[in-house]
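Engineer: Build me a model:
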Amino acid sequence: MLDGSGASAQRGAHKVAVGKTLLIAGVCAIIPLIGNVVASFVTTWTGVGSWLAVPAVGVAVAMLTAVIQAYGSASAEAPPRPPDGRYPRYPPPQVRRRGMALPLALLTTVLVIGVGGLAATIGIRYAVGYFTGNEAGTSRLVQPVSNSAGGLTVTVESVTYTAHFTQVGVAARNETGTMVSLPVYGYCVFTGSDGTTLQADPFRSHWSDTLAPGSLQRGTITFPGHLPDAVLQASFSFTQIFGPSGGSITVHAIMLTPVSGQATGSELSTGSPAVR
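Structural biologist: Purely as a prediction, here's the structure:
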């Protein structure tokens, strides 16, 4: 039978390190949150990557959570039982471990989950937006502009400047009676009135190269970078049409709003967008 000191020591051996427990719980809670954010963004990818990325994220989240939980369980294990099966009546003095006060532990957990989760979300959004081209931006197009050639009509419906890209919303209608191809890679450019030319990025674009007869398709073609801020007029071109007629098609006189929101250039007052 244990006396008062022995009972107190035994109860002390079963005390829970509140700070460490809350910290481990917070980390285990934030890992699936980050995984869900990553999975929600990678689903915007196209191709084989969209099939492999989400399961890979799930496996990584499960493995990392298991490691953190295993660490917490190992740190909370009771000391081994003596070989004779008896605990000493007066246990040897133990080094007192520094604990964390409950209010401080709660504050730490809130900061880890709240601030850490927000920072992770912003970082993941930035990274995924950059690699996929799915960034929010500012509309620059004054009004839609179209051009037709040989039964093919191309309309520029939007121009958006994001942090890293120029996104051009395009509609194409095929009334040629045959299949045509409007490839992005190497054959699609966005050109400013000063001669600056941006080449389309097929990986970050959402566009089908082939266009069936009698069909209309819409998509977004992404160009890395921007035209100079002073440029307020541009053109959009498919430099090669693959089909019976061949050739190319260009949408001219695409008028852009000033970056500052004020008409400071002379290009904006030269006339309204024309359909050519």
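Engineer: What segments of the chain are helices?
Structural biologist: Under the criterion DSSP state H, the chain contains helices at 4-13, 18-42, 49-75, 102-132.
Engineer: ok, of those helices, where does mean pLDDT dip lowest?
Structural biologist: Least confidently modelled of these is helix 4-13, at a mean of 50 by mean pLDDT.
Engineer: Nearest residue to Ile249 in space, please, no chain neighbours.
Structural biologist: The shortest distance from Ile249 to any non-neighbouring residue, by C-beta to C-beta, 6 or more residues apart in numbering, is to Ala149 (4.8 Å). Heads up, the C-betas are built off the backbone N, CA and C, glycines and all.
Engineer: List the contacts of the one you found.
Structural biologist: Applying C-beta atoms under 8 Å, 6 or more residues apart in numbering to Ala149 gives the contacts 245, 247, 249.
Engineer: What's the separation between the last one and Leu227?
Structural biologist: Right, the one you point to is Ile249. Using C-beta to C-beta, to the nearest Å, Ile249 is found at 20 Å from Leu227.
Engineer: higher neighbour count, those two?
Structural biologist: Each of Ile249 and Leu227 has its neighbours counted (other C-beta atoms under 10 Å); Leu227 has more, 23 against 20.
Engineer: And the more buried one, its phi and psi?
Structural biologist: Leu227 adopts backbone torsions of phi -80, psi 160, taken as degrees, to the nearest 10.
Engineer: which ones are touching Ile249?
Structural biologist: 147, 149, 152, 154, 237-238, 241.
Engineer: Among those residues, which ones are in strands?
Structural biologist: 147, 149, 152, 154, 237-238 (DSSP state E).
Engineer: Using pLDDT, spot the least trustworthy of the residues you listed.
Structural biologist: Among these, Ala149 carries the weakest pLDDT, at 88.
Engineer: does that one have beta-bridge partners, and which?
Structural biologist: Leu152 (DSSP bridges).
Engineer: From Tyr161, how far out is it?
Structural biologist: According to C-beta to C-beta, Ala149 and Tyr161 sit 28 Å apart.
Engineer: same thing with Phe242?
Structural biologist: Phe242 sits at a distance of 30 Å from Tyr161 (criterion: C-beta to C-beta).
Engineer: Which of these two has more residues huddled nearby?
Structural biologist: Using other C-beta under 10 Å, the more surrounded residue of Phe242 and Tyr161 is Tyr161, with 20 against 15.
Engineer: That one and His226 touch, don't they?
Structural biologist: Yes. Using C-beta atoms under 8 Å, Tyr161 makes contact with His226 at a distance of 5.6 Å.
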